[in-house]
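J.: coordinates only, sequence not included:
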Ligand code: VGL
Ligand code: ZN
């Protein structure tokens, strides 16, 4: 590790992605302890927060007759529809109460445009609208980005893939992530990350 050029990126460790949340990821709360432990080993930590307006275009409830977890065609292509979740300012959008925010130097909110979802911490789902995180990390001189959080196969994987595409050395600590696994999405995400050289760490540490 190089403390000056490594950054730990904590993805969407929010109440709605944990058990009893609106879009609960199985065992989602299990990521909190390893993430808190990892964060203390990095000199630089940033976090993302899924942050949607009420009536967001990714919510099934915004598409009459559509069921959660089905897919629709939006202006930018296929979009999975989710239960209402992480509505800006709501209790479900808050970080998990056990997440240690003290080491976090930047919080990036994403998915706040009504008509565009954003899985990745770098580019929204139209694949062109930037969140600004790429410029921030580059300007701060980071070279290696290590990811953990929720969910492995959506926001973590999209973020790690974009980081690699932007030229960062990307790693994912899989033991500090949990997946939604919808229609083979976990296997597909792992294969895509492997294919572009994202470092996949199967335990809850970087080893
Ligand atoms: C996420 C689905 C919808 C995630 C966010 O954080 O992985 N997944 N919104
Ligand atoms: Zn979302």
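T.: Right, received. Where do you want to start? Keep in mind the model is a prediction, meaning the values are calculated, not measured. Numbers count the residues shown, from 1 in each chain. Ligands and ions are numbered 1, 2, ... in the order given.

J.: up against ligand 1, what does this protein have?
T.: Selection of the chain residues close to ligand 1 by CB under 6 Å from any ligand atom yields 12, 17, 50, 82, 119, 150, 151, 154, 155. All C-beta atoms are positioned from the backbone trio N, CA, C, and that covers glycine.

J.: restricted to strands, list those.
T.: The strands, defined by DSSP state E, take in 50, 150 from the residues of the chain next to ligand 1.

J.: what's the average pLDDT for the longest strand along the chain?
T.: As assigned by DSSP E, the longest strand anywhere in the chain is strand 169-178. What strand 169-178 shows for mean pLDDT is 98.

J.: check stretch 126-133 too.
T.: Stretch 126-133 comes out at a mean pLDDT of 98.

J.: how long is that stretch end to end?
T.: Across stretch 126-133, the terminal residues are separated by 16 Å (CA to CA, to the nearest Å).

J.: can you pull the buried residues of it?
T.: By neighbour count on 16 or more other CB atoms under 10 Å, the buried set for stretch 126-133 is 126, 131, 133.

J.: make CSV out of those residues and add secondary structure and distance to residue 56.
T.: Shown next, in CSV, are those (DSSP: H, G, I helix; E, B strand; the rest coil; distance: CB to CB, whole Å):
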residue, secondary structure, distance to residue 56
126, coil, 14
131, coil, 16
133, helix, 20
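
J.: quick check, nearest of those to ligand 2?
T.: Comparing the buried residues of stretch 126-133 against ligand 2 with CB to the ion places residue 131 closest, at 13.4 Å.

J.: can you pull the phi/psi pair for the closest residue in space to the closest one that isn't next to it in sequence?
T.: Distances taken as CB to CB, 6 or more residues apart in numbering place residue 110 nearest to residue 131, at 5.3 Å, with adjacent residues excluded. With angles defined as degrees, to the nearest 10, residue 110 sits at phi -150, psi 150.

J.: could I get the pLDDT score of residue 110?
T.: pLDDT at residue 110 comes out at 98.

J.: pick the one among the residues of the chain next to ligand 1 closest to ligand 2.
T.: Proximity of the residues of the chain next to ligand 1 to ligand 2 (CB to the ion) peaks at residue 50, which lies at 4.2 Å.

J.: residue contacts, the closest residue in space to that closest one that isn't next to it in sequence?
T.: Closest residue to residue 50 apart from its sequence neighbours, by CB to CB, 6+ apart: residue 86 at 4.0 Å. Going by CB atoms under 8 Å, 6 or more residues apart in numbering, residue 86 touches 12, 14, 16-17, 22-23, 49-52, 92-93, 111.

J.: tabulate those residues (a markdown table), appending neighbour count.
T.: Shown next, in a markdown table, are these (neighbours: other CB atoms under 10 Å):
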| residue | neighbour count |
| --- | --- |
| 12 | 30 |
| 14 | 27 |
| 16 | 27 |
| 17 | 28 |
| 22 | 19 |
| 23 | 23 |
| 49 | 21 |
| 50 | 29 |
| 51 | 21 |
| 52 | 26 |
| 92 | 19 |
| 93 | 21 |
| 111 | 26 |
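
J.: all set, thanks.
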